[in-house]
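A.B. asks: Provide a 3D model corresponding to the input given below.
(one chain, ligands or ions: 1)
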Amino acid sequence: MTGRIAIDDTAPSIAGGRAAKAVVGEVFPVRTVVWREGHDAVAATLAVRAPGSSRLTRLRMAPDFEPDVFNATFTPHLPGAWTYRIEGWSDPIASWRAAVEAKLAVGQSAADLANDLELGARLFERAAQAVPKKQFERLRAAATALRSDEQLPTRVAPAFGTEIAEILRATPLRDMVTRGAQHTVQVERQRALFGSWYEFFPRSTGGRDAAGNPIHGTFATATKELPRIASMGFDVAYLPPIHPIGEINRKGRNNALAAEPDDVGSPWAIGSKDGGHDAIHRTLGTEADFTAFVTAASELGLEVALDLALQCAPDHPWVRAHPEWFTTLPDGTIAFAENPPKKYQDIYPINFDNDPDGLYAEVLRVVRHWIGLGVKIFRVDNPHTKPADFWEWLIAQVRQTDPDVIFLSEAFTRPARLYGLARRGFSQSYTYFTWRVAKWELAEFGMELAAKADEARPNLFTNTPDILHESLQHGGPGTFAIRAVLAATLAPTWGIYSGFELFEHQAVRPGSEEYLDSEKYELRPRPFAEALARGESLEPWITRLNEIRRAHPALQQLRCVHFHHVDNDALIAYSKIDPVSGDAVLVVVNLNPFGAEQGMISLDLPAIGHEWYDHPVVYDEVSGEEYHWAQTNYVRLDPANAAAHILALPPVPQQVRAELAYRRTFR
Ligand SMILES: O=P(O)(O)O[C@H]1O[C@H](CO)[C@@H](O[C@H]2O[C@H](CO)[C@@H](O)[C@H](O)[C@H]2O)[C@H](O)[C@H]1O
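C.D. replies: Residues are numbered from 1 along each chain as shown. So this is what the prediction gives:
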């Protein structure tokens, strides 16, 4: 925006004028550049408006140590679309003061300063017009002193005093006020930022019959799984699609192209003669059973997330009723879906261009149907294979009526799509975490997450039904513990797919990331209790991680990560802080699952709010031990005992919290 004062590089500023992201209670840092010609002083104000309010809250921005750069934070207290803009202005009293100080410093006399003193008096008189009566008198007194016959130091003393500075900080005299462009921040509920997800297939919860054959589960049997999931500290129970599964082209075990008669098929092959996206697989139960499941989950503090997979089995009702929603090939057939190199022969992709009005309305109806049954979180399958403008429209429509609905995007094929979809409204995104294993990759990844915090919120799954990373295939239980602690502490939202706690690691074939006997195509009842009793379960570690995450607001933050140097590439160290409470945590992870690693960690103490010479006492939330640390510290981690230190640090002092929030965000 052009104006008398230049305002540049305001951040966050999302491409296309779209909204930045924040959640209720999250500290939201804003930075800008404000400058003008010559030597006169400028300043910046952040003007913030809450949703539905006509009132502007003005926050004086703090000058950065870089010239012309200003910072401020605000903390939204309710969800909705907040707006903010920068006001850049000329600060005539600061300019006057700087000039007079410089002249006094070189010994100029009252006579030399006659014009300056009169100009100052006029400025204080102007400033007095805008302040309450008591402060009015102070400013008038400063003006009177400047015009008096006293000695020069006495004349300028009130104008230079701290009391006047305080008054002017609260009510500055602003000239040439220039308003910058308006920016929006979409504020969501806290679950959009912080939470622990557990993915499981309800159909696998039916146990086994006397002959050891799996029995198809129901919502009633799935409900029995919920206490175990809740007791591990998870917040969200995510279910793959629960709809009728296609019978035409159904896939068999291990992705076989032909199914055997008793094969259950992939739940992502949605739709059959029993119904489509608004129907429930008849063996799982009825709508009433589903809502009972959602209620039971809620009583345990769990939210249910549902898959939204916009694709159809050939026998989905839409295929017959709306052939225009699909692409018919010259030979009259419909091509199956692909996500190269993956082939999904049991589903048809949807064509979003033939009848957008009809299709869009139907998808919105489906989403609202599930919202009506208590679902407030949708994990969206393959959103990058559907048009971006469709998602932007759908999410905006849903937000109008249900602002508490959260959409997780499963798009991580290319950064443009991952971040592009996030900008268009997705609350959370899958990431490349599963493929980031080396220390340098993790550090780069962690920095990227923080740098992108205004436009995308990550959900770090350790594994998914599609991704059994080779490190999990060959790294033994130690790798599972390492991947869990990294996911649980690098980002505020993390998740596991069922079976992770049992160290399931067999791939269908060498070089593949697909599980052997994948649950995508068959029932997989699991002996959780037996494994736990034998001490062969990761449940205790997962439980402890979630407890620590809940106890430490620092681990619930996305923006405030900082990596510290360790002289061993098998050890990684990073700290997180919470700018509100000052809570601070340092995580040190041994990336070698097979043996102990040791090294020296050099703490960047100012980055955690301390002086270089401080000796913080740190408490290990994993071992319960306390250490007296300094700038350089010896660490040794043996995966036989613990994969990581999760160290509670002394709280960040109040006076540097906001500054650290800017520094960690805009590095
Ligand atoms: O393509 P992605 O790797 O993002 O995977 C997601 O979408 C897939 C298609 O919906 C889904 O694939 C599974 O379901 C398909 C349809 O039934 C089936 O053909 C595939 O073999 C099966 O893997 C995948 O699970 C989901 O995460």
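A.B. asks: Please enumerate the helices of the stretch 201-350 of the chain.
C.D. replies: Assignment of helices within the stretch 201-350 of the chain using DSSP state H, counting those that start in this stretch yields the ranges 219-231, 287-299, 317-321.
A.B. asks: ok, how many other residues are close to P12?
C.D. replies: 20 (other CB atoms under 10 Å). Heads up, the C-betas are built off the backbone N, CA and C, glycines and all.
A.B. asks: Distance of the closest residue to it other than its chain neighbours relative to the ligand?
C.D. replies: Using CB to CB, 6 or more residues apart in numbering and skipping the chain neighbours, the partner closest in space to P12 is D454 (3.7 Å). To the ligand, D454 is 25 Å away according to CB to the nearest ligand atom, to the nearest Å.
A.B. asks: I'd guessed D454 sits against A15; true?
C.D. replies: No - if you go by CB atoms under 8 Å, D454 and A15 don't touch, sitting 11.0 Å apart.
A.B. asks: More neighbours: which of those two?
C.D. replies: Applying other CB under 10 Å to D454 and A15 shows that D454 carries more neighbours, namely 24 against 9.
A.B. asks: Provide a list of residues in contact with that one.
C.D. replies: Contact partners of D454, counting by CB atoms under 8 Å, 6 or more residues apart in numbering, are A11, P12, I14, A20, K21.
A.B. asks: Taking the residues you listed, tell me the two that lie furthest apart.
C.D. replies: A11 and K21 (13.4 Å; CB to CB).
A.B. asks: who has more neighbours, those two?
C.D. replies: More neighbours surround K21 than the other of A11 and K21, with 28 against 16 (other CB under 10 Å).
A.B. asks: and the more buried one, bridged to which residues?
C.D. replies: Q186 (DSSP bridges).
A.B. asks: Which pLDDT value belongs to it?
C.D. replies: pLDDT recorded at K21 is 98.
A.B. asks: wait, isn't it in contact with P458?
C.D. replies: No - the criterion here is CB under 8 Å, and K21 misses it with P458 at 11.4 Å.
A.B. asks: Can you pull the residues that touch both of these two?
C.D. replies: In contact with both K21 and P458: no residue, using CB under 8 Å, 6+ apart.
A.B. asks: Next, count neighbours for the residue in the stretch 551-667 of the chain positioned nearest to the ligand.
C.D. replies: Relative to the ligand, the nearest point of the stretch 551-667 of the chain is L558 (23.4 Å; CB to the nearest ligand atom). The tally of other residues near L558 (other CB under 10 Å) stands at 25.
A.B. asks: so what secondary structure elements neighbour whatever helix or strand L117 lives in?
C.D. replies: When secondary structure is defined by DSSP states H and E, L117 falls within helix 114-128. Packing partners of helix 114-128 (3 or more CB pairs under 8 Å, 6 or more residues apart in numbering; DSSP states H and E): helix 92-105, helix 133-146, helix 152-160, helix 162-170.
A.B. asks: The ligand: which of the ones you listed is closest?
C.D. replies: Among the helices and strands packed on helix 114-128, helix 162-170 sits nearest to the ligand (CB to the nearest ligand atom), with 52.8 Å.
A.B. asks: Verify the stated contact: G475 with P593.
C.D. replies: Yes - contact criterion CB under 8 Å: G475 and P593 qualify, at 4.6 Å.
A.B. asks: Quick check: residues of the stretch 301-450 of the chain near the ligand?
C.D. replies: For the stretch 301-450 of the chain, the contact set with the ligand under CB under 6 Å from any ligand atom comprises A309, Q311, N339, K342, Y344, D346, I347, D381, N382, E410.
A.B. asks: try it again with 5 Å
C.D. replies: For the stretch 301-450 of the chain, the residues in contact with the ligand (CB under 5 Å from any ligand atom) are N339, Y344, D346, I347, D381, N382.
A.B. asks: Which one of these sits in the busiest neighbourhood?
C.D. replies: So for these (other CB under 10 Å), the most neighbours sit at D346, 27 neighbours.
A.B. asks: correct me, but that one touches G246?
C.D. replies: Yes - checked against CB under 8 Å, the pair D346 and G246 is within contact range at 6.0 Å.
A.B. asks: Common neighbours of these two, please.
C.D. replies: G265, A269, A313, P314.
A.B. asks: can those go into CSV with extra columns for pLDDT and neighbour count?
C.D. replies: Output for the shared contacts of D346 and G246, formatted as CSV (pLDDT from 0 to 100; neighbours: other CB atoms under 10 Å):
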residue, pLDDT, neighbour count
G265, 98, 22
A269, 98, 31
A313, 98, 26
P314, 97, 21
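A.B. asks: For the helix holding L117, list every residue counted as buried.
C.D. replies: D116, L117, G120, A121, L123, F124, E125, A127, A128 (16 or more other CB atoms under 10 Å).
A.B. asks: how about the third one, what does it touch?
C.D. replies: Translated: G120. Residues near G120 by CB under 8 Å, 6+ apart: W96, V100, A143, L146, V156, A159.
A.B. asks: Give me the nearest residue to the second one, chain neighbours excluded.
C.D. replies: Closest residue to V100 apart from its sequence neighbours, by CB to CB, 6+ apart: D116 at 5.3 Å.
A.B. asks: The lengthiest strand in the chain pairs with which strands, and in what direction?
C.D. replies: With secondary structure taken from DSSP state E, the chain has its longest strand at strand 80-90. Strand 80-90 has the following sheet partners, assigned by DSSP bridges: strand 42-49 (antiparallel), strand 175-179 (antiparallel), strand 183-188 (antiparallel).
A.B. asks: Out of the ones you listed, which gets nearest to P553?
C.D. replies: Among the strands paired with strand 80-90, strand 183-188 comes nearest to P553, with 17.5 Å by CB to CB.
A.B. asks: And the helices in the stretch 501-650 of the chain, which stretches?
C.D. replies: Under the criterion DSSP H, counting those that start in this stretch, the stretch 501-650 of the chain contains helices at 528-533, 539-551.
A.B. asks: By proximity to the ligand, which residue of the stretch 1-150 of the chain wins?
C.D. replies: K21 (22.6 Å).
A.B. asks: Report the separation between that residue and N590.
C.D. replies: 33 Å (CB to CB, to the nearest Å).
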